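Asks: here is my input; please provide its structure:
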Amino acid sequence: MVDAVELPSRLAVLPFRNRVLLPGAIVRIRCTSPSSVKLVEHELWQKEDKGLIGVLPVKDGQAADTTSTASPVLFPGSSSDIQQQIIKHPQDLVQWHKRGVAARALHLSRGMEKPSGRVTYTVVLEGLCRFSVQEMNTKGSYNTARVSHLDTMKAEIDQAEKDPEVLVLSRQFKVIAGELISVLEQKQKTVGRIKVLLDTVPTYRLADIFVAIFEVSFEEQLAMLDAVDLKVRLTKATELVNRQLQTIRVAEKISQKVEGQLSKSQKEFLLRQQMRAIKEELGDNDDDEDDVVALERKMQNAGMPSIVWKHAQRELRRLRKMQPQQPGYSSSRSYLELLADLPWQISSEEHKIDLRAAKERLDRAHFGLGKVKNRIIEYLAVRKLKPDARGPVLCFVGPPGVGKTSLASSIAGALDKKFVRISLGGVKDEADIRGHRRTYIGSMPGRLIEGLKRVGVNNPVILLDEVDKTGSDVRGDPASALLEVLDPEQNKTFNDHYLNVPFDLSKVVFVATANRVQPIPPALLDRMEVIELPGYTPAEKLRIAMCHLIPRVLDQHGLTSRYLQISESVVEIIIQRYTREAGVRNLERHLASLARAAAVKVAEREQSFRLTKEIHSDTPSLLEGSSLADTGEIEVEVVPMGVNGHEISRALESTEILVVDESMIEKVLGPPKFDDREAAERVSTPGVAVGLVWTAFGGEVQFVEATAMVGKGDMHLTGQLGDVIKESAQIALTWVRARAAELRLATASEVNLMESRDIHIHFPAGAVPKDGPSAGVTLVTALVSLLGKKNVRADTAMTGEMTLRGLVLPVGGIKDKILAAHRCGIKRIILPERNVKDLVEVPAAVLLKVEILLAKRMEDVLNEAFEGGCPWSQLSKL
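Replies: Residues are numbered from 1 along each chain as shown. A predicted model of the protein is given here:
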């Protein structure tokens, strides 16, 4: 009871910061500062259970000698754990609240901090009664106050309880408090003890206890502390308890609506939201929110279209509701960063195209290729007159090493645009073009969107390299995905699966490269303009090597023309004997081999000069009379020089220049790989003919060998042949058998040319697949040579498809085939008559060195293939 508390005239005062201890409430504090330790030791520890202290509230921001942040206050008799409270270090200025609560210690424990050895106290305080401060003083290191009792005595309370208004307020408070206990009874196990207090503790004491139990603001706690009058106290307590009851009911309604729908991640989100609020109260915020704000600002400056911006805002709102530890946070943030980094409105500045400068650039970077350069200049001229023109997609088709990729780079340089190369060789997944859907783990955008993000502009030159080498499997067809990319009517709204919003590709300049046209799907090929780049002639290779390859190789190996000289005659030997390719890559490799060998000699010579300098300067008479000088075990070239490094360079420059000759070529590159006499040696026996074929690496010379043996009239074909070339062999044999008598391969009495005889036809280089119809005339020539026992001319090669009636049909790749024959030393070439139009593309220098023979029928081919012609009767001509 209140009247049982004997309040002394003076009390030691302990300040509470932002908290109020009300009568009947219990709180645990931990005292660590010297002033609070002294107060507890003198006023409580030494007086044991007789000690009383005063607890005064101090507002936040006011300086206090010792301050406490109290835990949620417990009702009497509770066994729940109480949060430890920390009393901070003393400060200078103190502004106390005028009213406080006298408190007694229910429990005291003494401890010691390690390693400092400082004494600390943990105190459990119970609020007893209100008091008013009359005067403040200092006692040692802590404060004391002269106080006066504020709470009414028992006689006054008994009289006040007879007041009808007090009775109504008491009854109303108990009703609301009972409803609150009923609501909380289902959620908290300790509510039963509060219910017991409701039946045993007087109403005026319950008002303080209930307000102390629930979380209310500091100002409302002060108002409750100042409510000395019983009516005011009951009114205020009823208002606070009723508000707590309504808050719990609203929260209960919301929880009932979402009950059963909260997943583990959502519960975690709610807990983290509460943790964030706690951190904000403690001033311990992290930088995640600042990063999201910076990301939003970056998205606002990206210039997204309105439809994309709405989609990005929805995704950003979703990101704000997530925690960084959640699984989808990183993927959602990466997606938004991609949207912010894409060049939605950023374009390279359109400069005026200088056609003369572009032509000079092409001439500097590429030798020959006149038709290709003219087409590129035409393309640039159209772009100059109409910058927004949707020009065709250029597709450079040709063997490796002829400069397809560098041509695309030259186009980007002429347009003054950024260049992106996307290699499609071996790509079998459609997601490489269109990206993965974001539902997949590890999803990422396609190569087009990634390339645009990398260059940072929406109008670069994008090279689709090796477009003929895409594959298809269960993951999709990348070539079909390219249809949308290269179609000017569709790429304005290109939809990457990862991006999931349209992106405009209409400003991008697309260029493609391929080795062959055949593997490209017709629908994709229809969207591109094919520009063929045939192989180089030996003369063109010579000029490319002298003007481009040799300077580049020397620079890559740290050499100059003062150290190594490679003459034109040496390059011609390498071209003729070591490289027979359409491009110049192998030629560059061989030149690099020579440069490496020269670099070794130059480096050794430089080391020799350094050794000579050391001997010359330190021990000038070391070699004189030395046995080493006589035996020759150490070879040292004595060159006068000083300490300065420039003199070493001048000494090196004055040495003999390393000139590459034929002996050095064989020493470095090995014996020659090709010989002009190969054709003559291989056709020295009947049954061998020289054909011309086209491959992805350019034109090639293909020998066809035939032999006969005793058998049952069968024909055997070897050399990893395709169906088309097998059919050509069957047609050739049928034609020869039908013309056997006319070609004087059999007498009129011999009905069957294949009787008791098998024929075996072989295409050498059996590891290389072969197919196509252009070997038809070569097969007939080889069979006629075999059966007629007559050699084919060694200087003659041929190509062409033939029909069952003996007509010679045109074939493709004429320029590449003629260049291949020229590289191999072939002097005479038999072509279908209808291919005469393709001779325009062949360089004039090559046509002057070979003889072109046109054939309309198979008889024309045989007449030119054999020395002195092939005799047959006049009846052989239909």
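Asks: and I353, what element?
Replies: According to DSSP states H and E, I353 maps onto no helix or strand at all.
Asks: ok, it - contacts?
Replies: Going by C-beta atoms under 8 Å, 6 or more residues apart in numbering, I353 touches 380-381, 383-384, 414-415. C-betas here are computed from N, CA, C, even on glycine.
Asks: farthest pair in those?
Replies: By the measure C-beta to C-beta, A381 and L415 form the most distant pair in the contacts of I353, at 12.1 Å.
Asks: what about these two, which has more around it?
Replies: Using other C-beta atoms under 10 Å as the criterion, A381 and L415 rank with L415 on top: 23 against 13.
Asks: touching, that one and V509? I think so.
Replies: Yes. Contact criterion C-beta atoms under 8 Å: L415 and V509 qualify, at 6.8 Å.
Asks: find residues that contact each of those two.
Replies: Common contacts of L415 and V509, defined by C-beta under 8 Å, 6+ apart, comprise V461.
Asks: give me the buried positions along the lengthiest strand in the chain.
Replies: Counting residues, the longest strand found in the chain (DSSP state E) is strand 119-139. Buried residues in strand 119-139, defined by neighbour count with 16 or more other C-beta atoms under 10 Å: 119-131, 133.
Asks: between all of these, which two are separated the most?
Replies: V119 and R130 (31.5 Å).
Asks: quick one: contacts for the residue nearest to P478 when sequence neighbours are not counted?
Replies: Computed as C-beta to C-beta, 6 or more residues apart in numbering, the closest residue to P478 that is not its neighbour in sequence is T470, at 4.5 Å. Going by C-beta under 8 Å, 6+ apart, T470 touches 424-428, 477-479, 482.
Asks: if we go to 10 Å?
Replies: Residues near T470 by C-beta atoms under 10 Å, 6 or more residues apart in numbering: 424-430, 432-433, 464, 477-482, 519-521, 524.
Asks: what pLDDT does the residue nearest to M546 when sequence neighbours are not counted get?
Replies: Spatial nearest neighbour of M546, chain neighbours left out: E568 (6.3 Å); criterion: C-beta to C-beta, 6+ apart. With respect to pLDDT, E568 scores 88.
Asks: do D504 as well
Replies: So D504 comes in at 89 (pLDDT).
Asks: distance of it relative to E349?
Replies: To E349, D504 is 18 Å away according to C-beta to C-beta, to the nearest Å.
Asks: neighbour count: the two, which is higher?
Replies: Taking other C-beta under 10 Å, D504 and E349 do not tie; D504 has more neighbours (15 against 8).
Asks: nearest residue to that one other than its sequence neighbours?
Replies: Distances taken as C-beta to C-beta, 6+ apart place K492 nearest to D504, at 5.4 Å, with adjacent residues excluded.
Asks: swap in R757?
Replies: Leaving aside its chain neighbours, R757 sits nearest to A708 (5.5 Å; criterion: C-beta to C-beta, 6+ apart).
Asks: hmm, that neighbour is touching L783, no?
Replies: Yes. With contact defined as C-beta atoms under 10 Å, A708 and L783 form a contacting pair (9.4 Å).
Asks: what number of residues lie near S561?
Replies: If you count neighbours by other C-beta under 10 Å, S561 ends up with 11.
Asks: and it, what is it in contact with?
Replies: For S561, the contact set (C-beta under 10 Å, 6+ apart) comprises 550-551, 554, 657.
Asks: can you check K428 too?
Replies: Going by C-beta under 10 Å, 6+ apart, K428 touches 470-478.
Asks: list the contacts for the closest residue in space to G698 that isn't next to it in sequence?
Replies: Distance criterion C-beta to C-beta, 6+ apart; nearest residue to G698, sequence neighbours excluded, is A582 at 2.7 Å. By C-beta under 10 Å, 6+ apart, the residues touching A582 are 398-402, 533-536, 541, 695-700, 816, 819-820, 823.
Asks: do you know how far A582 is from G699?
Replies: Distance, A582 to G699, by C-beta to C-beta: 7 Å.
Asks: common neighbours of these two, please.
Replies: Common neighbours of A582 and G699, using C-beta under 10 Å, 6+ apart, are 399, 534-535, 816, 819-820, 823.
Asks: the stretch 401-550 of the chain: helices as residue ranges?
Replies: 404-415, 431-434, 447-455, 478-486, 522-525, 538-544, 550-556 (DSSP state H, counting those that start in this stretch).
Asks: now do the stretch 151-300 of the chain
Replies: So, for the stretch 151-300 of the chain - with DSSP H, counting those that start in this stretch - the helices run 154-161, 164-184, 191-200, 203-213, 218-226, 230-258, 264-282, 288-300.
Asks: which one, of those, ends up nearest to I53?
Replies: Among the helices of the stretch 151-300 of the chain, if distance is taken as C-beta to C-beta, the winner is helix 218-226, at 16.2 Å.
Asks: alpha carbons of the closest one, as PDB, please.
Replies: The C-alpha coordinates for helix 218-226 follow below in PDB (Å, rounded to 0.1, in the frame of the first residue of the first chain):
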ATOM      1  CA  PHE A 218       7.900   9.200 -23.700                       C
ATOM      2  CA  GLU A 219       5.600  12.300 -23.600                       C
ATOM      3  CA  GLU A 220       2.600  10.100 -22.700                       C
ATOM      4  CA  GLN A 221       4.600   8.400 -20.000                       C
ATOM      5  CA  LEU A 222       5.500  11.800 -18.600                       C
ATOM      6  CA  ALA A 223       1.900  12.900 -18.700                       C
ATOM      7  CA  MET A 224       1.000   9.700 -16.800                       C
ATOM      8  CA  LEU A 225       3.700  10.400 -14.200                       C
ATOM      9  CA  ASP A 226       2.400  14.000 -13.700                       C
END
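Asks: list the helices and strands that helix packs on?
Replies: Helix 218-226 makes packing contacts with strand 10-17, strand 52-58, strand 99-112, strand 119-139, helix 203-213, helix 230-258 when contacts are defined by 3 or more C-beta pairs under 10 Å, 6 or more residues apart in numbering; DSSP states H and E.
Asks: rerun that using 7 Å as the cut-off
Replies: With contacts defined as 3 or more C-beta pairs under 7 Å, 6 or more residues apart in numbering; DSSP states H and E, the packing partners of helix 218-226 are helix 230-258.
Asks: now do the buried residues in the helix it packs on.
Replies: Within helix 230-258, the residues that count as buried by 16+ other C-beta under 10 Å are 230, 233-238, 240-242, 244-245, 248.
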